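Student: sharing a sequence plus its predicted fold:
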Amino acid sequence: MELKIGTKIVELRRKKGMTQEQLAAILGVSAPAVSKWETDSSCPDIALLCPLARALGTNVDTLLSFEEELSQESMGQYMNEIIRLSRQGETGAAEERLNGLLRAYPSNIPLKFCAMSALTVFDMNERQGEEETRQRWRRQKKELAQAIHDDGNPAFYLASVSMLVALALEEEDLESAEKLLRENIGKTGDFTYQWMRLYLKKGQRDQALEVLQRQTYKLVGDLRACLASLMEQELGLERHRVLEICRIMEELDGLFYIQGSSGLLATAKPAKYGVKAFSIGSSGLLAEVYLREGDSEKALEYLETLTEQIVGTPVAPNPLIFAPAINDRLEQAGFSREIKMAILQGLEKDACFAPLRGQERFDTLVRRIADNLEDN
């Protein structure tokens, strides 16, 4: 950013009720010199900054519009202007503005992060640009990403790793890309796409498929867990909304064939109105919902469906999506023994099922689950 203090000098001089000639006389310079400062045709000599600030009743920081750090609001305004210039075909001016900001705030990590994004926009808006220019932008993105990575700011660290890996893959530097990914195994963040691209670059299609299938399987499990949590009584959702969530879970299970507690879905925790293990399948969730609503008949229908899922032949996750990576590595599909036991205990002991105990249909399904556990 160029030093432009002309507007500030005009503002402060007029506030003091001084003419250009009067200010010039105080500082021992000519009136044309003051005029040039105010139009940003030239800047005051550094030796005049303190006397100028005193004459205008301010300090040098205010005179120079100094900010120790760039505010979020100011940065947003600057970046919007830079992106606007690039989209209007004035990428050269946009790049000059961006680099001026980076020089003015050399240690600002959020600015470096925004600058990486801006350089990507430049590249997108200049598809017909010279390769030399595009290479310059890539080098700058790499420098910015490395600076963010080395700083270690947790808000931007993972984004910097993703950028460095992407650039390394573009440059066919597979060793550096893999090193970065391995350094960040176990850290919060999803590098599935980067691992996939790396494996494909190395010609390892099976590993690329596996990393995608494993992440898909995990995401489906996370989604189901979130949907189940939405139905907690404490949230107080209306009945029709809870039933709609159950319907969505049924559709989800139908699409992915994930109905038990195999693999990543094997979790259970107590809940206020039952056992969360009982809610692993959408049938169990629907049974709980209808019990809360006092509809025992509907609850029994879904409990019987759940029982069939527990004691019947396990259904592996949808092979069109998860084979071979997931299906070939699952120890077993369906409900684990621990989840079956938790469900059985819930049916036998939890207060929410008290209205059903003693009814033949309910007692029959409880016996079927107990017998299944004994057989296995």
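Tutor: Happy to help now that I have it. Numbering: from 1, shown residues only.
Student: and the helices in the stretch 1-150 of the chain?
Tutor: 6-16, 20-27, 31-38, 49-55, 60-63, 72-87, 91-104, 109-125, 131-151 (DSSP state H, counting those that start in this stretch).
Student: buried set for stretch 231-249?
Tutor: For stretch 231-249, the neighbour count (16 or more other Cβ atoms under 10 Å) marks 231, 242-243, 245-246, 249 as buried. Where C-beta positions appear, they are placed from N, C-alpha and C, glycine not excepted.
Student: and for stretch 11-30?
Tutor: 12-13, 18, 20, 23-24, 27, 29.
Student: and if you look at stretch 107-118?
Tutor: So, applying 16+ other Cβ under 10 Å, buried residues of stretch 107-118: 108-116, 118.
Student: what do you get for stretch 210-221?
Tutor: Buried residues in stretch 210-221 (16+ other Cβ under 10 Å): 210-218, 220-221.
Student: need the distance between the two termini of stretch 195-212.
Tutor: Across its full length, stretch 195-212 reaches 9 Å between end residues, using Cα to Cα, to the nearest Å.
Student: for it, the distance to its chain's centre please.
Tutor: 23 Å (Cα atoms, centre = their mean, to the nearest Å).
Student: low-confidence ranges, the stretch 1-150 of the chain, go.
Tutor: Residue ranges of the stretch 1-150 of the chain with pLDDT under 70: 1-4, 65-69, 127-129.
Student: run through the neighbouring helices and strands of the host helix or strand of residue 373.
Tutor: Using DSSP states H and E, residue 373 sits within helix 360-375. With contacts defined as 3 or more Cβ pairs under 8 Å, 6 or more residues apart in numbering; DSSP states H and E, the packing partners of helix 360-375 are helix 296-311, helix 337-349.
Student: alpha carbons of the first one, as CSV, please.
Tutor: In other words, helix 296-311. Listed next in CSV are the C-alpha coordinates belonging to helix 296-311 (Å, rounded to 0.1, in the frame of the first residue of the first chain):
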residue,chain,number,x,y,z
SER,A,296,-48.0,-48.4,21.6
GLU,A,297,-49.3,-50.1,18.4
LYS,A,298,-46.9,-48.1,16.2
ALA,A,299,-44.1,-48.5,18.6
LEU,A,300,-44.5,-52.3,18.5
GLU,A,301,-44.5,-52.4,14.7
TYR,A,302,-41.1,-50.7,14.6
LEU,A,303,-39.7,-52.8,17.5
GLU,A,304,-40.6,-55.9,15.5
THR,A,305,-38.8,-54.5,12.5
LEU,A,306,-35.8,-53.7,14.7
THR,A,307,-35.9,-57.3,16.1
GLU,A,308,-35.8,-58.7,12.5
GLN,A,309,-32.7,-56.6,11.8
ILE,A,310,-31.0,-57.8,15.0
VAL,A,311,-31.7,-61.6,14.6
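Student: which elements pack onto the helix or strand that that helix is followed by?
Tutor: Next helix or strand after helix 296-311 toward the C-terminus (DSSP H and E): helix 319-322. Helix 319-322 sits against helix 205-230, with contacts defined as 3+ Cβ pairs under 8 Å, 6+ apart.
Student: how far off centre is the helix it packs on?
Tutor: Relative to the centre of its chain, helix 205-230 is centred 16 Å away, using Cα atoms, centre = their mean.
Student: how about stretch 179-191: buried residues?
Tutor: Along stretch 179-191, these residues count as buried under the neighbour rule (16+ other Cβ under 10 Å): 180-181, 184, 191.
Student: can you give me the end-to-end span of that stretch?
Tutor: Note: stretch 179-191 ends 13 Å apart using Cα to Cα.
Student: residue 70 against residue 105, yeah?
Tutor: Yes: in this structure residue 70 lies within contact range of residue 105 using Cβ atoms under 8 Å: 5.0 Å.
Student: shared neighbours, those two?
Tutor: residue 111 (Cβ atoms under 8 Å, 6 or more residues apart in numbering).
Student: neighbour count for the two, which is higher?
Tutor: More crowded of residue 70 and residue 105, by other Cβ atoms under 10 Å: residue 105, with 20 against 17.
Student: quick check on that one: phi, psi?
Tutor: When read as degrees, to the nearest 10, the backbone of residue 105 gives phi -130, psi 70.
Student: for it, give its distance to residue 99.
Tutor: When Cβ to Cβ, to the nearest Å is the yardstick, residue 105 and residue 99 sit 12 Å from each other.
Student: again, but for residue 56
Tutor: Residue 56 is 30 Å from residue 99, by Cβ to Cβ.
Student: same question, residue 80
Tutor: Taken as Cβ to Cβ, the span from residue 80 to residue 99 is 17 Å.
Student: more crowded one of the two?
Tutor: residue 99 (13 against 10).
Student: any low-confidence regions in the stretch 201-350 of the chain?
Tutor: In the stretch 201-350 of the chain, residues with pLDDT under 70: 259-282, 329-334.
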